[in-house]
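Undergrad: Kindly return the folded structure for what I paste below:
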Amino acid sequence: MAPAPVLLGCERLTLPQLRRIAREAPEIALDPACLPRIEAGVAAIERIVAAGAPAYGINTGFGKLAQTQIPREELSKLQTNLVLSHAVGTGALLSDEAVRLILVLKIASLAQGHSGVRASTVQALVSMYNAGVHACIPSKGSVGASGDLAPLAHLVALLIGYGEVRIRGEILPASLGLAEAGLEALELAPKEGLALLNGTQVSTALALLGLFAAEEVFAAGIVAGALAVDAAMGSDTPFDARIHALRGHAGQIEAAACYRGLLAGSDIRASHLRDDDRVQDPYSLRCQPQVMGACLDVIRSAAGTLEIEANGVSDNPLVFPDTGEVLSGGNFHAEPVALAADTLALAIAEIGALSERRIALLIDASISRLPAFLVEHGGLNSGFMIAQVTAAALASENKWLAHPASVDSLPTSANQEDHVSMATFAARRLGEMADNTAVIVGIELLAAAQGVDFRAPLQTSPVLREVVAAIRAEVPHYAEDRYFSPDIEILRRKVLGGAYLEHAAALLPSLRA
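TA: Take a look at the predicted model:
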């Protein structure tokens, strides 16, 4: 029996649902219980049109042209012109995952009945999603206020028969995409074009994808760090619960518990509980709960902001059917999303930076007491020497990418929109950063597994033995130099594919039941 569709319109969207929508594309449906709200909003717009009084975006121009009133017979043309003139995006196309999230967020927002969009138009978006019809949306061209105008215009253009779609990876004209979804090109009603292309759904969708990727690299970073402790014959004393309770940060306390669980039962650790001449480990081993715990706190904070935004109404103006008012405000300003994305960028960068330092530690025989560069017959073999260089290059690149986008505002629309959020770029760059960190952590997993191999016959903990076995099922021990890049790619895919989420699932916002 097929699973029930995800109902949109009445219940709040949760982060686990949004992760599933992005990753698995479950069927969705418009909750019939929200239809009266939608119809009430449409009726309010129809009354305003009938009265003829000027109302922004309904029978006036837009932005700096809002003083121009549009005749009733041209209101549909007004909405069409708005969409076509705003479809000016450029750059690589957004992924199918991103487009799915954008559609769901837009549907959920419109279904609240404060946008004045007909139920048939909202249902058209549902049909596009369920048919796997993904609008070709260029990734660049939005400053995150007034909402994500350019990218959303490319989404709406599809509804009226313009642009292109991607279906099962093939790019096709809009007309074929509409046919695939069982639709015909729509004629937009008053306010519909503005409501559809105004809002923060693109920024929020990209930030959510960044959040999910941050969780994936966080979980892999925890596992890699624990494995590195054993590979370097480090101490588990710094993970003692009493240390972290005295400071009190929730993320730190929970991260330390995670490390303790991963390392429990390690023969390697038991072998040097006494008579070890090293007093303290380097910070990249010893301070993992403090650094990763802080990253966890940041991830959770950003997750809370994004969950609120995912359930909000962010177009403009907003319709209040109970009073018949249409109020012009600024919910389209994506500053909350921009700030959340900027903090996620810091966390992603720090996870990678800490991991790179542990790789450097493991390849340094003077610290790790392992073969230099984690390979026998050094000189003839270079081992992990340049893999660490790659990790360093990516960690450095992430430092630049982590610069906050939200502090950089350029006025637009003849200074009508004189402060903008830059949320779209703030969120979009998270994907590149997470990919960089996934490579770094992937290299560390390979390096730590190699180090643990060298500790034989001593064994790591039961949990980490399973981790190493899973790596070795795809990547053999590095006995001598070989073409190394494919090994790293395998681990990058494992990290971003969620292979290590189970080890930190209880900590992560989008994985909690």
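Undergrad: for this structure, what spans make up the strands?
TA: 6-8, 28-30, 90-93, 134-135, 138-140, 164-167, 170-173, 318-320, 325-327 (DSSP state E).
Undergrad: So which of the ones you listed is the most surrounded?
TA: strand 134-135 (a mean of 26; mean count of other Cβ atoms under 10 Å). Where C-beta positions appear, they are placed from N, C-alpha and C, glycine not excepted.
Undergrad: Give me the mean pLDDT for that strand.
TA: Across strand 134-135, pLDDT averages out at 98.
Undergrad: Kindly report the same for stretch 339-348.
TA: In the prediction, stretch 339-348 has an average pLDDT of 98.
Undergrad: just how off-centre is it within its chain?
TA: Stretch 339-348 sits 10 Å away from the centroid of its parent chain (Cα atoms, centre = their mean, to the nearest Å).
Undergrad: OK, contacts around residue 341?
TA: 203, 206-207, 210, 302, 405-406, 423, 426-427, 430 (Cβ atoms under 8 Å, 6 or more residues apart in numbering).
Undergrad: still on that earlier bit, out of the strands of the chain, flag the one nearest residue 474.
TA: Closest approach to residue 474 among these (Cβ to Cβ): strand 90-93, 29.3 Å.
Undergrad: strand partners of that closest one, parallel vs antiparallel please.
TA: strand 138-140 (antiparallel) (DSSP bridges).
Undergrad: Run through who's touching the strand it pairs with.
TA: Contacts for strand 138-140 (Cβ under 8 Å, 6+ apart): 89-94, 150-151, 154, 425, 428.
Undergrad: In a markdown table, list the strands of the chain along with distance to residue 240.
TA: Converted to a markdown table, those look like this (distance: least, Cβ to Cβ, whole Å):
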| stretch | distance to residue 240 |
| --- | --- |
| strand 6-8 | 43 |
| strand 28-30 | 47 |
| strand 90-93 | 47 |
| strand 134-135 | 50 |
| strand 138-140 | 46 |
| strand 164-167 | 52 |
| strand 170-173 | 56 |
| strand 318-320 | 53 |
| strand 325-327 | 56 |
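Undergrad: Show the contacting residues for residue 356.
TA: Contacts of residue 356 (Cβ under 8 Å, 6+ apart): 388, 391-392, 394-395, 440, 444.
Undergrad: In JSON lines: the contacts of strand 138-140, plus distance to residue 512.
TA: Compiled in JSON lines, the contacts of strand 138-140 are given as follows (distance: Cβ to Cβ, whole Å):
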{"residue": "89", "distance to residue 512": "35"}
{"residue": "90", "distance to residue 512": "38"}
{"residue": "91", "distance to residue 512": "34"}
{"residue": "92", "distance to residue 512": "33"}
{"residue": "93", "distance to residue 512": "32"}
{"residue": "94", "distance to residue 512": "27"}
{"residue": "150", "distance to residue 512": "35"}
{"residue": "151", "distance to residue 512": "30"}
{"residue": "154", "distance to residue 512": "34"}
{"residue": "425", "distance to residue 512": "29"}
{"residue": "428", "distance to residue 512": "26"}
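Undergrad: which among the contacts of residue 356 end up buried?
TA: 388, 391-392, 394-395, 440, 444 (16 or more other Cβ atoms under 10 Å).
Undergrad: residues near the residue nearest to residue 422 when sequence neighbours are not counted, how many?
TA: The shortest distance from residue 422 to any non-neighbouring residue, by Cβ to Cβ, 6 or more residues apart in numbering, is to residue 405 (4.4 Å). Neighbour count of residue 405, defined by other Cβ atoms under 10 Å: 23.
Undergrad: Just the pLDDT at residue 405, thanks.
TA: 94.
Undergrad: how close does the closest residue in space to residue 217 that isn't next to it in sequence get to residue 410?
TA: In this structure, residue 217 finds its nearest non-sequential neighbour in residue 437, 4.5 Å apart by Cβ to Cβ, 6+ apart. Distance of residue 437 to residue 410, computed by Cβ to Cβ, to the nearest Å: 29 Å.
Undergrad: Mind checking which of those two has more residues around it?
TA: Legend: neighbour count by other Cβ under 10 Å for residue 437 and residue 410, higher for residue 437 (34 against 10).
Undergrad: low-scoring pLDDT stretches of this structure, where are they?
TA: Residue ranges of the chain with pLDDT under 70: 513.
Undergrad: quick one: residue 185 and residue 160 touch, right?
TA: Yes. Here residue 185 reaches residue 160: they are 5.3 Å apart, a contact under Cβ atoms under 8 Å.
Undergrad: Next, the contact list for residue 421, please.
TA: With Cβ under 8 Å, 6+ apart, residue 421 has these contacts: 143-145, 203, 333-335, 337-338, 406, 409.
Undergrad: again, but for residue 431
TA: By Cβ under 8 Å, 6+ apart, residue 431 lies in contact with 206, 209-210, 213.
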